[in-house]
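> Structural data only, the sequence is not supplied:
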């Protein structure tokens, strides 16, 4: 067992006062930086998605000098762009009883009571500002004929609070942030560095001997050169680590590298085992598959999920003898509607995913691999007509058809759960600062807000809340004490030391000259993760998984082969560096999952379930954020528990049945 | 799912070490390719073969692999994004090819998009055009309530269609003039259709067109190749609207 500590509650820096007043009080009393001083302060933002892009643009608007980095060829391509369904806000435009409190409550409950109250309340509070800001930018949200904004429903809520732009909401929000970013680039407040990958953060001691984040080392992905950049503060907004599983809905370049680098430099890694498995993805087709495609949760507004009632029907489907639409209505098991009458097909993602797995494990899967369930629109088409369905979901149907060659207007879609999002991430305090001074973490990369399970349409909300409405305030509070600090030279020994360490690591990777490709090892890692740290976890399985993860690290150092040179464009080297970090993340996930002897949200331990197969939490022993502190290479990390103190909300067992 | 079968294909690929170096086609054979595979999964298989033979893999841009990030940019058998309509390269599947077919794969070829290596090109010119005016000049925190601006559903939907451009550059690659008019017009149209964008419409149209011209993109001669090849079906009527906006702005000067 790991060495355990209880974290000092003061470290979370939650403002005094009533929950609903905390953020207002914070803003009223925080320190500010005057315009002349803002110009003298540099901020590095790593990542250009919703969190990073919005933060870089807004900090630029305020007058700070921002350097923004992304691994893609343009900030417009960050993976936030792929979010389909929508963004939540507590506007109550539908007059269906929504409020800031209800959005806050749904988010805490959806997260299975494992998120920090004060952060989540602030998130719900600023959600409305986000919609205002995006509309002002010209984001073309869907509208009603009267000209007002339209909404739809998402899982885990009984109100319609999700704003959307067809099935491309993430794209439109990202392009909104990108447009604001472009305006600041043109003005000279933001300098953009594309095709750069952060490989380390640089810490420098101040006069009092406190280490502060003052820069980063990047690899220029076109030239292969290592580059140094300095600043007064660093924001890491590099997304989640779902690609540890190799197959996920993440983009190919999504990685957990920056998170692992800052973890090595003292930032704690919180709740790594909380990974979201999204219930509606296109099923795996074969070994060579490179990624999984999500079908938006919004489809569950009108689509009904089912498998056959009779095992023999399932077998015939699996052999390809019949198709879904041939099974009569009375022989279909709409298992979500059956098990969860109050929320039906709109239960949260973790619940829907486990229910699909349960049916498939019992043999009711509907495709050749037995790992798929139906998502059926025939009722909706009958009720609303094909045109209305096409207007709402047309691009998703088209996407499905291009991939599977099946027409979802005629035959039900086949879907299966897949890794989609990571609720865990770098630990941050109320100000989104990590355990390293001057190092902030935002968006999916941090752990805050979603607890053990994220509700649909809340990732976009959190990314933009962090970027537009939280960091611009909290960064200022931090930098107010730094106005006397002159700009940093990248010739300082701390930069050289960090760069030398990366050079040595890259040389070591290049020197292995083994016989296996990076992808082949990554796929093996993915299999281990899915089998041992996947949807149903056990003590024995996790222990076995940890052993295998140790072996895969050895395999990497013995067998990996990276062709070409280090000091030039080398896509295999890029992947190899990321793979090493994924292995470490895999170990952290397994370790965290092993220690958390309960089931909550996306973390399901088979030992801990009710007789009906629902997740069974252990609030007495596990109502805390599990934060892992790096203790050095080859050493076990230590666990710091941030105890969760619910003052506003009554902690209950999650119930979506009645 | 469609019925799975297997193909052998010959992949004729453009290989080029760097922007200034001479490139050439090289042909590689890939066997036992499942028709259920995506085109990129076939390319992944080919790259695994190359690496296992200690050769350098073929470099190409790709990321989301679900048709939305706009990173992928291959010219396949003479068409940007290959032989299917309204898709990106990553949405192209091997069921579209025949057994023993030779598949020709090239990078976008345009003065505006220099080759970096093999099939990877530099599209930073697109960002520069957007920087010239592809935004509303609104600072964060200054916005009124979202429903204070009523917008007709028709206009909002049309703006959304224009805004669905993914910035991949297929329009430029398809155009014999290497024109970026469809790309520019999509952004100008989105804002011209919305009240939030109207305030700066004139300045935007002029600034974005000027930047496009500076960066070496060609002129539009209405061949409509861009519209044919656009993976998001962005319509050429956007170009008509851009021209209108541009002329309006110039007349007001």
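Ah, there it is. Everything numeric here is computed off the predicted structure, so don't read it as measured data.
> Number of residues surrounding residue B:149?
17 (other CB atoms under 10 Å in any protein chain shown). All C-beta atoms are positioned from the backbone trio N, CA, C, and that covers glycine.
> That one contacts residue B:195, doesn't it?
Yes: between residue B:149 and residue B:195 there is a contact under CB atoms under 8 Å: 5.8 Å.
> Name the residues of the helix or strand of chain A with the lowest mean pLDDT that are buried.
None of the helices or strands of chain A scores lower by mean pLDDT, DSSP states H and E than helix A:386-404, at a mean of 90. Of the residues in helix A:386-404, A:389, A:392, A:393, A:395, A:396, A:397, A:398, A:399, A:400, A:402, A:403, A:404 count as buried by neighbour count, 16 or more other CB atoms under 10 Å in any protein chain shown.
> By residue count, what's the longest helix in the chain?
Assuming you mean chain A. The longest helix of chain A (DSSP state H) is helix A:571-595.
> oops, chain B please
Chain B, longest helix under DSSP H: helix B:237-252.
> what packs against it?
Counting by 3 or more CB pairs under 8 Å, 6 or more residues apart in numbering or on different chains; DSSP states H and E, the packing neighbours recorded for helix B:237-252 are helix B:181-192, helix B:201-214.
> just wondering, since we're on the closest residue to residue A:488 other than its chain neighbours, how far is it from chain B?
Distances taken as CB to CB, 6 or more residues apart in numbering or on different chains put residue A:230 closest to residue A:488, at 3.7 Å, once the chain neighbours are dropped. According to CB to the nearest CB, to the nearest Å, residue A:230 stands 24 Å off from chain B.
> Look at residue A:449 and tell me its secondary structure.
Here residue A:449 is recorded as coil under DSSP: H, G, I helix; E, B strand; the rest coil.
> Ok, residue B:29 next?
Classification of residue B:29 using three-state DSSP returns strand.
> what's the distance between it and residue B:76?
17 Å (CB to CB, to the nearest Å).
> Which parts of chain B are strands?
Here chain B has its strands, by DSSP state E, at B:6-15, B:24-34, B:74-76, B:79-80, B:102-107, B:115-117, B:120-121.
> Between strand B:6-15 and the fifth one, find me the angle.
Okay, so that is strand B:102-107. Interaxial angle, strand B:102-107 versus strand B:6-15 (axes from the mean of the first three to the mean of the last three CA atoms, to 10 degrees): 40 degrees.
> can strand B:102-107 be found next to chain A?
No: residues of strand B:102-107 contacting chain A under CB under 8 Å from any CB of the partner chain: none, with a closest distance of 12.9 Å.
> what's residue A:390 in contact with, if anything?
A:397, A:409 (CB atoms under 8 Å, 6 or more residues apart in numbering or on different chains).
> Please say whether there is contact between whichever strand or helix holds residue A:543 and chain B.
For residue A:543, the enclosing helix or strand under DSSP states H and E is helix A:539-559. No: Helix A:539-559 lies apart from chain B when judged by CB under 8 Å from any CB; the minimum separation is 12.3 Å.
> Packing partners of that helix?
Using 3+ CB pairs under 8 Å, 6+ apart: helix A:539-559 touches helix A:493-512, helix A:518-532, helix A:571-595.
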